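1. Sharing a sequence plus its predicted fold:
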Amino acid sequence: MSAMNEATLLHELDQMTHDATGNNSTFIKENEYLQDRYEGNPYGDEVAERSKVVSNDCMDVVEADMPSLARIFLGAGDILKFKPNTTKEEDVKEAEEKTKYVNWQVRSQPWSFPVIHGFIKNAEIQKTSVVKYFMEETTEIEEHKKTGLSDVELSMFEESLKGENVKSVEIVREETTEGEDNDIVFKVERTVKSVKIVDVPLESFRMTKNATDKNTAAMVGDVSTMTRGELLARGVKRDLIDSIPTAGSTEDDGSRLKDIRDEAEGGSEDEAKITNWASEEVEVEDLYPEIDFDGDGIAERRHVMRSGDVVIVNEVFNHVPYAVMSALLMPHKAIGKSRAEITAPVARIKTAVLRGVQDNIYAVNNPRMGANKNVNMDDLLVMRPNGVIRSTKETPIANDLMPVVVPYIGDRALQIVQYWDQARAQTTGSLMASQGLDADELGKETATRFNGIEDKGAEKTELVARVMAETGFRQLYEGIAWLDANFQNTVTEIEILGKELTVNPADWKLKHSVVSKVGLGAGDDEKKLQTLSGLWIVHQQLQANGSPMTDEVKRFNILKGMVKASGEPDVEEFFNDPDQPEQLIKAQNEILTKLVQQLQEQLQAMQNPLAEAETIKQQGNLIKAQSDAQLQVAKLQEDQRQFNIKTAQDNKQFMEDMAFQIAELQTKVEEKFTAPAGAQ
């Protein structure tokens, strides 16, 4: 086999993208319909002068899910963690480092909340949701202004600015008024690499139709617009860029998804024509096909960036940098279903029923009139408050008019609405406790039954969360770890929970699997707290019985789970971590200090009563023996003095012994935690 040329490559890509998701009219129209249902847009079959009300069931179900999903994926709890393959120290350390660093990259950036929120909500509304992750290289310019530096200080400061990722340091002298030192401006140009995640609009996404997952799909990619200046900054030759047609000059893809989203702000408008070459936008396809380009008989994953018939990038790239997820999984399909999709049929039926009820109410409130020739028809046709209807006869006008009675059907129609609400609850688990119930019926319901309804509804939402964690978020975490290990070759310092962490992904050598921390019950923090509280009681009992089934680390893990379930992100604000030596030393010093104070108080309490009792006794003996010889008095006084001296010496010795024991204990603790691995 011979290698492909660019013409053959473009032909193969055209074939791959022809029936891909973004170009599949059926797939796009289904998602347009779902977006319309969420927005509450008309169905298109409305009749003039009749009710046009639209049921908002799709929006209700999606918005009912979002608080729980946002609490899980955007709250303080962990979503996923990298699991070490062995118990070796370097394996465990690398897995923990990956977990902290990737989690920081995904959830702690300025753009994290809107991107993740959109990732979740798109999966709730449309058949699938997609984000793209890539390593972005940006250039930052910093300015440092100094005054009155000598040549030596100038050289030293300039050298201090030259660090990692610094491309250049430019010195600019600014002239000042006579007699004053010149200002010196240091312009530092720094190149920064960082992971970026963006939501991909579904109409721009391309994936082989009926693929089972992104890794086995023959082609995955997206279509976006870039400026000519951005392409030039990426190293594309200018004459090649000039051959690319301006975006909008080619045929439109026919998708209404963007227009539906824009209708909430008044619809899309034609953008002003841009005459600046660098700011002109071009349409670029960023594709990752699996294709045998080199002709060796084995198809490999490649990265091909093209615009029309112009190939901008063509390289081997053994990864698909997209995360794809659906709210409801379908077997053997990469694209599943959404919550809005399973709600849409009920919304359509309820819309028809509600429109009928509204039309009936209008007819009941404005009945048609039967009238004979004696009534002035002009007066009858003009509707105004307190309007007069004239008659040509002197007989009562009631004899000449007769309202056409329209039966009211609202009460019966609402029973149908109640049935479909219950059907929706059976499907989605989303139902208000009092929805569709009469006051009499509500009194017959039990709290236990409604608790059961609530639990079943929560279980369905939690299953959606588990699906999202095991599909889209798993792909996102594993993909970003792959990007870090392959493309980030610089040391990064970050702060996590008030502690500095230095990370160098170039040192990552192992491949770790991801374990989901989101499971059934993960969204109910109250239940989680109850479970952890029960485990805490069990561990306290085991500790009291001296059982080896518990230790400080496991008890700390329980407390950590309780703190995170309460919504607090930093566990160490409340409890000391037994794996952190400095925290343990500080805590043990506090315990020993309190112990010394208690012993001192006990010693003083023992000493004072003895001394007082002995003094009283000696005074009694002196009074009794006043008539005795002075020798006996002197002896008693000497005994008292010796007793006081001995007591003071004993107290001093005790204090010295305690201080020595504290110092010795602290030294042992420090040696234990600072000893190298393998040392005894």
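-> It's in. Residues are numbered from 1 along each chain as shown.

2. For Thr128, see how far away the residue nearest to Lys337 when sequence neighbours are not counted is.
-> Once flanking residues are discounted, Lys337 sits nearest to Leu328: 4.3 Å by Cβ to Cβ, 6 or more residues apart in numbering. C-beta coordinates here come from the backbone N, C-alpha and C atoms, glycine included. Per Cβ to Cβ, to the nearest Å, Leu328 is found 10 Å from Thr128.

3. one step back: so who does the residue nearest to Lys337 touch?
-> Neighbouring residues of Leu328 by Cβ atoms under 8 Å, 6 or more residues apart in numbering: Gly336, Lys337, Ser338, Arg339, Glu341, Ile342, Val464, Val467.

4. ok so, going back, identify the contacts common to Leu328 and Thr128.
-> Taking Cβ under 8 Å, 6+ apart as the contact rule, Leu328 and Thr128 both touch Gly336.

5. ok, back up a step: quick one: which of the contacts of Leu328 is nearest to Ala123?
-> Within the contacts of Leu328, distances to Ala123 taken as Cβ to Cβ reach their minimum at Ser338, with 6.5 Å.

6. which residue packs closest to that closest one, ignoring adjacent ones?
-> Leaving aside its chain neighbours, Ser338 sits nearest to Ala327 (5.1 Å; criterion: Cβ to Cβ, 6+ apart).

7. list the contacts for that neighbour?
-> Residues near Ala327 by Cβ under 8 Å, 6+ apart: Ala123, Glu124, Gly336, Lys337, Ser338, Arg339, Val464, Val467, Met468.

8. Quick check: phi and psi at it.
-> Main-chain torsions, Ala327, degrees, to the nearest 10: phi -70, psi -40.

9. going forward, begin numbering at 38 instead of 1
-> Understood, numbering begins at 38; the last thing we discussed is Ala364.

10. residues contacting Phe330?
-> Residues in contact with Phe330 (Cβ under 8 Å, 6+ apart) are Ala40, Met41, Leu46, Glu337, Arg339, Asn351.

11. export these to TSV and tack on neighbour count?
-> Below are the contacts of Phe330 laid out as TSV (neighbours: other Cβ atoms under 10 Å):
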residue	neighbour count
Ala40	11
Met41	17
Leu46	19
Glu337	14
Arg339	21
Asn351	15
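
12. just curious, which of the contacts of Leu365 is nearest to Leu50?
-> For the contacts of Leu365, the closest approach to Leu50 (Cβ to Cβ) belongs to Gly373, at 26.7 Å.

13. Return the per-residue confidence for the nearest residue to that closest one once chain neighbours are set aside.
-> Closest residue in space to Gly373, ignoring its immediate chain neighbours: Ser363 at 3.2 Å, by Cβ to Cβ, 6+ apart. As predicted, Ser363 sits at a pLDDT of 95.

14. Pretty sure Ser363 sits against Arg376.
-> No: if you go by Cβ atoms under 8 Å, Ser363 and Arg376 don't touch, sitting 9.9 Å apart.

15. Any regions of the stretch 88-237 of the chain where pLDDT drops low?
-> 177, 185-186, 188, 195, 198-206, 209-219 (pLDDT under 70).

16. ignore the last one, the stretch 288-437 of the chain
-> Those would be 288-292, 300-312, if you go by pLDDT under 70 across the stretch 288-437 of the chain.

17. got a list of what Val347 touches?
-> Leu277, Ser280, Ile281.

18. Would you mind putting the residues you listed into CSV with distance to Met586, pLDDT and secondary structure alongside?
-> As requested, the contacts of Val347 are exported to CSV (distance: Cβ to Cβ, whole Å; pLDDT from 0 to 100; DSSP: H, G, I helix; E, B strand; the rest coil):
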residue, distance to Met586, pLDDT, secondary structure
Leu277, 68, 86, helix
Ser280, 72, 86, coil
Ile281, 68, 87, coil
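
19. Only the buried subset of the residues you listed, as a ChimeraX command please.
-> Here is the ChimeraX command that selects the buried residues among these (16 or more other Cβ atoms under 10 Å):
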select :281
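
20. ok, the contacts of Val347 vs Leu239, which is closest?
-> Ile281 (24.8 Å).

21. my guess is the closest one contacts Arg343, does it?
-> No: Ile281 lies out of contact with Arg343 (Cβ under 8 Å); the separation is 9.5 Å.

22. Closest to Ser105 out of the contacts of Leu365?
-> Distance to Ser105, by Cβ to Cβ, is smallest for Val501 among the contacts of Leu365, at 8.8 Å.

23. what residues are up against the residue nearest the centre of the chain?
-> The centre of the chain sits closest to Leu111, judged by Cα atoms, centre = their mean, with a distance of 2.8 Å. Leu111 is in contact with Arg144, Ser149, Phe150, Ile153, His154, counting by Cβ under 8 Å, 6+ apart.
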